[in-house]
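Asker: sequence and predicted structure, then a few things I'm wondering about:
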Amino acid sequence: KLLERRGHQVVACDGGAAGLAEAAKGGFDLVAVDHYMPEMDGLATLNALKKLPDCPPVVYVTGSEESAVAVAALKAGAADYVVKSVGGDFVDLLEQAFAGALANARLKQDKERAEADLLAANERLEALLREVNHRVANSLQLVTTMVAMQARLLTDPAAKSALSDTERRIQAIAQVHRKLYTSGDVERVAMNEYLAALVEELQATWSTPVGPRTISLEAEALRLHTDKAVSLGVIVTELVTNACKYAYPEDQAGEVRIRFARADDERFQLEVEDDGCGICDDAPKGTGLGSKLISAMAQSLSTKLDYDREHNGCRAVLVAPVD
């Protein structure tokens with residue numbers, strides 16, 4: 001009655017079971033639960049209330065001043081705890097508890113709404129990025145096809161070779177974007193999967209019945225940002241291409257080995273090696289564009305490529321930061 005005189009609409013129930021049934025109908029801003037009730041006490045009622053969908057805040061009310069009761073109620077999910085007293089002070093305390101519980105409930109709802117909006121925005125952004133990567137990959141594939149068509153029309157072997165190299169470089173970049181739109185992560189590339197796809201393409205390009213080339217890969221499942229993955233893919237493509245072209249005679253078999261793994265907690269290491277003729281002054285040379293690309297890509301990774309002069313063949317090593 002005191003609450004109704006202060007403008008509140010109150011539905012009173014004579015026990016926990018009746019109150020639970022009334023609360024299940026919905027439409028309440030708050031529920032006040034007494035501790036001592038027939039058949040079903042306050043804690044049992046509170047536990048049952050918390051199982052209801054969209055349960056409103058519950059204020060626990062009791063004449064007991066035992067701290068254990070308050071602790072048990074708060075642990076069970078009560079928004080606040082009020083001890084009964086005679087007079088208007090009790091209603092003041094109850095209204096204060098109601099106001100605090102409602103304010104906290106609104107804050108929680110606002111937080112959940114904001115989190116839901118943020119999640120939806122992130123999902124839209126990821127979908128957009130996935131679509132962008134899909135379109136970029138398709139566009140690069142179209143460019144690759146055009147380059148291949150142009151190469152077939154040429155008769156100059158040097159020009160055809162240059163266009164073939166360009167085609168492989170574009171494919172290395174396109175493969176990154178294909179991995180981005182087909183995976184759950186639109187910002188990082190799983191390097192073991194990316195390098196495996198790249199190796200498969202390079203193997204198909206360079207291995208022939210006359211001069212078979214075996215390209216082996218050992219790669220950890222480390223995820224790198226898109227720009228780092230692109231730079232690393234171009235470097236691998238250039239190194240493998242050089243090994244397949246120049247390390248072994250055209251009519252002999254040869255192996256190229258690629259290893260990619262963490263060097264430590266903050267860096268990764270790439271190794272590309274062969275057992276061919278090694279690096280020497282009289283070895284066959286191309287246009288030099290591949291070396292310039294390797295240097296530029298290594299610089300974008302904040303590192304440089306080193307060659308192991310002790311290796312019997314050619315062994316290139318690159319160590320760069322993960323992030």
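Answerer: Happy to help now that I have it.
Asker: what about stretch 45-52, average pLDDT?
Answerer: Computed over stretch 45-52, the mean pLDDT rounds to 90.
Asker: in CSV, list the C-alpha atoms belonging to that stretch.
Answerer: Extracted in CSV, the C-alpha atoms of stretch 45-52 (Å, rounded to 0.1, in the frame of the first residue of the first chain):
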residue,chain,number,x,y,z
THR,A,45,12.0,-18.5,-5.4
LEU,A,46,15.0,-16.4,-6.5
ASN,A,47,16.7,-19.4,-8.1
ALA,A,48,13.5,-20.2,-9.9
LEU,A,49,13.0,-16.6,-11.1
LYS,A,50,16.6,-16.4,-12.5
LYS,A,51,15.7,-19.3,-14.8
LEU,A,52,12.9,-17.4,-16.4
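Asker: quick check, I170 in contact with M146.
Answerer: No - counting by Cβ atoms under 8 Å, I170 stays clear of M146, with 9.8 Å between them. In this view, the C-beta of every residue, glycine as well, is placed from N, C-alpha and C.
Asker: these two: which has the busier surroundings?
Answerer: Neighbour tally, I170 and M146, criterion other Cβ atoms under 10 Å: the higher count belongs to I170, 20 against 12.
Asker: what helix or strand is the more buried one on?
Answerer: helix 157-182 (DSSP states H and E).
Asker: which secondary structure elements does the next helix or strand after that helix contact?
Answerer: Heading C-terminal from helix 157-182, the first helix or strand you meet, by DSSP H and E, is strand 188-190. Contacting strand 188-190 under the criterion 3 or more Cβ pairs under 8 Å, 6 or more residues apart in numbering; DSSP states H and E are the following elements: helix 157-182, strand 223-225, helix 226-242.
Asker: pull out the buried positions in strand 188-190.
Answerer: 188-190 (16 or more other Cβ atoms under 10 Å).
Asker: which residues does that strand contact?
Answerer: Under the contact criterion Cβ atoms under 8 Å, 6 or more residues apart in numbering, strand 188-190 has outside partners 176, 179-180, 183, 221-226, 229.
Asker: start to end distance for stretch 180-196?
Answerer: 15 Å (Cα to Cα, to the nearest Å).
Asker: so how far is it off the chain centroid?
Answerer: Relative to its chain's centre, stretch 180-196 lies at 10 Å (Cα atoms, centre = their mean, to the nearest Å).
Asker: cool, and stretch 255-273?
Answerer: A distance of 23 Å separates the centroid of the chain from that of stretch 255-273, by Cα atoms, centre = their mean.
Asker: what residues does that stretch touch?
Answerer: With Cβ under 8 Å, 6+ apart as the criterion, stretch 255-273 contacts 191-192, 195, 199, 213-220, 222, 224, 232, 235-236, 239-240, 243-244, 247, 274-275, 308, 311, 313-323.
Asker: go again with 7 Å.
Answerer: The contact list for stretch 255-273, computed with Cβ atoms under 7 Å, 6 or more residues apart in numbering, reads 191, 195, 199, 213-220, 222, 232, 236, 239-240, 243-244, 274-275, 311, 313-322.
Asker: ditto for stretch 78-96
Answerer: 2-3, 6, 46, 57-63, 65, 70, 73-74, 97, 100-101, 104.
Asker: same thing but at 6 Å, please
Answerer: 2, 57-61, 63, 65, 70, 73, 97, 100-101 (Cβ atoms under 6 Å, 6 or more residues apart in numbering).
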